[in-house]
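Peer 1: quick one: sequence plus predicted model below, questions after.
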Amino acid sequence: MDQVIRFNLKTDCKDRARLLEYCLNGRKQFLAIGWSYIYKEIENKETKKIEKFQEFYDAVKEVVPRINHVFNVFLEVKKDDLFWTRDLDGYYWICRAIGEPKIKCDYDMDIGALLPIVAYKVGMDVPGQIKASFNRPNGGIAGKIKDNIIIEYSKYMYNLFSKTEKYDYKKIEGSILDNLPDFELEEMVIAYLQLEKNYYVLSNSIAKKSTTINIECEFRSRDKNNKQKAVLQVKGGKDSTINAMDYKTYIDDGYIVYLYGSIIENINLVENCCEINRADLIKFYEKYKLILPESITIWEDLFI
C-alpha cells in the first residue's frame with residue numbers, strides 16, 4: 001500500500017446528515033459519489049442501461065468535460081485500500097474497501113455510485129496532516145496521502161478499532177522526536193512553551209502552511225509583571241537545520257525567539273534566541289504524556 005485516500009462524503013444531497021447516516025451508520029457502509037443526474041441523461045437518450053461502474057464512468061465522461069478525480073479513485077480502488085472520511089460532528093472515520101464500486105441511482109440523496117466499506121469512528125484526535133487534508137481549499141472530494149508515517153498510522157488504527165490484525169504495519173525506527181509528523185511535533189513544542197515556560201499561545205498567530213512564513217506562532221508571557229513576547233520555529237526530522245540569523249528581525253522587535261531543530265546554526269551570534277533542548281523536550285513528553293493529545297502519544301506505539 002503506497003497511499004491512503006482522504007474522502008469527503010458530500011454530494012448535492014440537500015440533507016447531508018441523511019447521506020452520512022445512510023453511508024456510515026447503516027447495516028452496510030459505503031462511500032458515495034453523486035452525479036445521479038447522469039441516469040436521467042441516459043434515460044432521455046434511450047441508450048443502453050447502466051449496469052456497471054465502468055459504464056457509469058463512461059457515461060459521465062461523455063457529459064462532463066473534465067471528469068472529477070474521485071471517479072478515477074473509484075475506478076482504481078482495490079479491496080483493502082484504506083480511506084479517511086469525516087462526519088458532520090467533526091469525527092474522523094477509518095474505512096476499508098471491501099469490494100468494487102457499484103452503481104446506485106438515488107436522486108433524493110444524489111447518489112450515482114457506492115463503494116462498499118467497513119468503517120470505524122476514530123474520533124477527533126487524529127494527526128494534523130489528516131485534518132489539514134480535509135480543510136485544504138479546492139481539495140475536492142478525494143485526495144491522496146502518500147506520507148509513509150500516515151500510511152502506517154492508518155493501518156495501525158484500522159487494526160486497533162477493528163480489533164483485528166488485518167494489516168501488517170512497519171515499526172518506524174528511531175526516536176519519537178525524529179519521526180513525529182510535523183503537525184504533531186509543532187503541537188508538542190507549543191505545549192512545552194506553554195506548560196514549562198509559562199507562555200500562552202495567540203491562536204490567531206498560528207501560521208498556515210507557507211514557505212514564506214518563518215514562525216509557527218506567537219506567544220505572550222502569563223506573568224503579568226513580565227510582558228514578554230515570543231515566537232517559535234520548529235523543524236522536524238533528523239537532519240533539519242535552522243539559521244538563527246534569519247530571526248534577527250523578531251529579536252529587534254522585542255521578541256524572544258525559540259528554535260527547535262536538529263541543527264541550530266549561529267545561535268551564539270544572536271541575543272534572546274533560545275534553542276529548545278532535545279533532552280528537555282523528551283523529559284517534557286514523559287512528564288506530560290498523560291495529558292497530551294492522543295494524536296501525539298499514539299505514535300509511541302509505532303516507533304522502535
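Peer 2: Great, that's in hand.

Peer 1: for E275, give the beta-bridge partners.
Peer 2: L259 (DSSP bridges).

Peer 1: wait, it touches Y260, no?
Peer 2: Yes - under the criterion of Cβ atoms under 8 Å, E275 is in contact with Y260, at a separation of 7.4 Å. (Each C-beta comes from the backbone N, C-alpha and C, glycine too.)

Peer 1: neighbour count for the two, which is higher?
Peer 2: Relative neighbour count places Y260 above the other of E275 and Y260, with 26 against 16, counting by other Cβ atoms under 10 Å.

Peer 1: check the more buried one and give its pLDDT.
Peer 2: Predicted confidence (pLDDT) at Y260: the value is 95.

Peer 1: I'd assumed L281 was in contact with it.
Peer 2: Yes - between Y260 and L281 there is a contact under Cβ under 8 Å: 7.1 Å.

Peer 1: what about I251, helix or strand, and which?
Peer 2: Element membership of I251, judged by DSSP states H and E, is helix 248-252.

Peer 1: neighbouring strands for the helix or strand that contains K104, and are they parallel or not?
Peer 2: Element membership for K104 (DSSP H and E) is strand 102-106. Taking DSSP bridges as the criterion, strand 102-106 forms sheet pairs with strand 111-123 (antiparallel).

Peer 1: what about E216, how many neighbours?
Peer 2: Summarising burial for E216: neighbours were counted as other Cβ under 10 Å, giving 22.

Peer 1: tell me the phi and psi of it?
Peer 2: With angles defined as degrees, to the nearest 10, E216 sits at phi -80, psi -40.

Peer 1: my read: it touches K235, true?
Peer 2: No - in this structure, E216 sits apart from K235 without contact. The criterion is Cβ under 8 Å, and the distance is 9.8 Å.

Peer 1: re the thing from before, what do Y260 and L281 both touch?
Peer 2: Shared between the contact lists of Y260 and L281 (criterion: Cβ atoms under 8 Å, 6 or more residues apart in numbering) are residues V189.

Peer 1: so where's the stretch 201-304 of the chain shaky on pLDDT?
Peer 2: Screening the stretch 201-304 of the chain residue by residue with the criterion pLDDT under 70, one finds the ranges 207-213, 303-304.

Peer 1: strands of that one, residue ranges please.
Peer 2: Counting by DSSP state E, counting those that start in this stretch, residue ranges of the strands within the stretch 201-304 of the chain are 217-221, 229-234, 241-243, 255-260, 263-265, 273-275.

Peer 1: quick one: contacts for the closest residue to R278 other than its chain neighbours?
Peer 2: Closest residue in space to R278, ignoring its immediate chain neighbours: L177 at 6.3 Å, by Cβ to Cβ, 6 or more residues apart in numbering. Under the criterion of Cβ under 8 Å, 6+ apart, the contact list for L177 reads L185, G236, R278, L281, I282.

Peer 1: quick one, phi psi at the second one?
Peer 2: Per-residue torsions, G236: phi -90, psi -180 (degrees, to the nearest 10).

Peer 1: sorry, back to before: how close does the residue nearest to R278 get to L290?
Peer 2: Distance from L177 to L290, counting by Cβ to Cβ, to the nearest Å: 18 Å.
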